[in-house]
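Trainee: below are the sequence and a predicted model; questions follow.
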Amino acid sequence: MNSYTTQAEQLKESLRLSLPPVAIAFTDDVPTGIASYEEVAPAGCYFWQEASQKVFATSAVDHELCAIGVHTHNLAGASEGQMTELMTALEAMQGLDYVREEEVAAIPVLPNPVQHAVYGPLADFPLEADVVLLFAHAQQSLILTEAAARVDAGVPAAMGRPACAVIPQVRNGGIAAMSLGCCGARAYLDALSDDVALWALPGEKLGAYCEEISGLAKSNEVLTVFHERRRQDVEAGKRPSVQESLERLAQ
């Protein structure tokens, strides 16, 4: 097994993920053997869900219906129509006071144009991953937050709209971030249900995240039992010391 296969299994097992980890790589040339995306995606974020099942390459034309995604990913070869769509979308959002002009300028964007974005399951990914995506609920996010704080020496960012902005945020900054998505991503992705958020990890530090996630998942499991049994004792009228609660772990 390659390192990504091992790390994908480690993440899935430690966090008990319902959807496999997804990898993204940006490249100007698609290696032989990687197929192009052949369907129609309603938005760029839709590729994340598709990528849990197969590896494929995309370009600006595959993001035809998602001008926001073309912008955040700085995809080369965007058509004049896509640029018009981007302005129309931003104007509509500003009209709804969903986004303001100064907020548009603050949206993360990849610094250099890229020809292709390649997506796929982390376990089978044939390229060096720039970003790894995880769909995680609150309990899983607890462990991810603790792990990211150790690896990155700081509390990870929690981002909002647009969901796709988390990709350049993490790629540019080299530290993990969580995205609560946006109303569009939550409409397009079945995997992004109301109790799920999106995590993005920089690929170059994946090994460090996996190591911390594995250890913290085990620690959280033990401490959960500690607190559950302590609660049982308190509800039964006892006033256990920490040592007494620790001894209960062996029962």
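Mentor: The structure has been received and is ready for your questions. Numbers count the residues shown, from 1 in each chain.
Trainee: output the contacting helices and strands for the helix or strand hosting residue 234.
Mentor: Using DSSP states H and E, residue 234 maps to helix 206-235. If you count contacts as 3 or more C-beta pairs under 8 Å, 6 or more residues apart in numbering; DSSP states H and E, helix 206-235 packs onto helix 3-15, helix 138-152, helix 242-248. Backbone N, C-alpha and C define where each C-beta goes, glycine included.
Trainee: what sits against residue 17?
Mentor: The neighbours of residue 17, taking C-beta atoms under 8 Å, 6 or more residues apart in numbering as the test, are 11, 134-136, 140.
Trainee: wait, which of those is closest to residue 94?
Mentor: residue 135 (29.9 Å; C-beta to C-beta).
Trainee: can you confirm that closest one is in a strand?
Mentor: Yes: counting by DSSP: H, G, I helix; E, B strand; the rest coil, residue 135 falls inside a strand.
Trainee: count of residues packed around residue 74?
Mentor: The number of residues packed near residue 74 is 16, by other C-beta atoms under 10 Å.
Trainee: surely it meets residue 108?
Mentor: No: taking contacts as C-beta atoms under 8 Å, residue 74 lies outside contact range of residue 108: 10.3 Å.
Trainee: hey, what's in contact with both of those two?
Mentor: residue 168.
Trainee: in this structure, which ranges drop under the pLDDT threshold?
Mentor: 1-2 (pLDDT under 70).
Trainee: which non-adjacent residue is nearest residue 145?
Mentor: Sequence neighbours aside, residue 156 is the residue nearest to residue 145 in space, at 6.1 Å (criterion: C-beta to C-beta, 6 or more residues apart in numbering).
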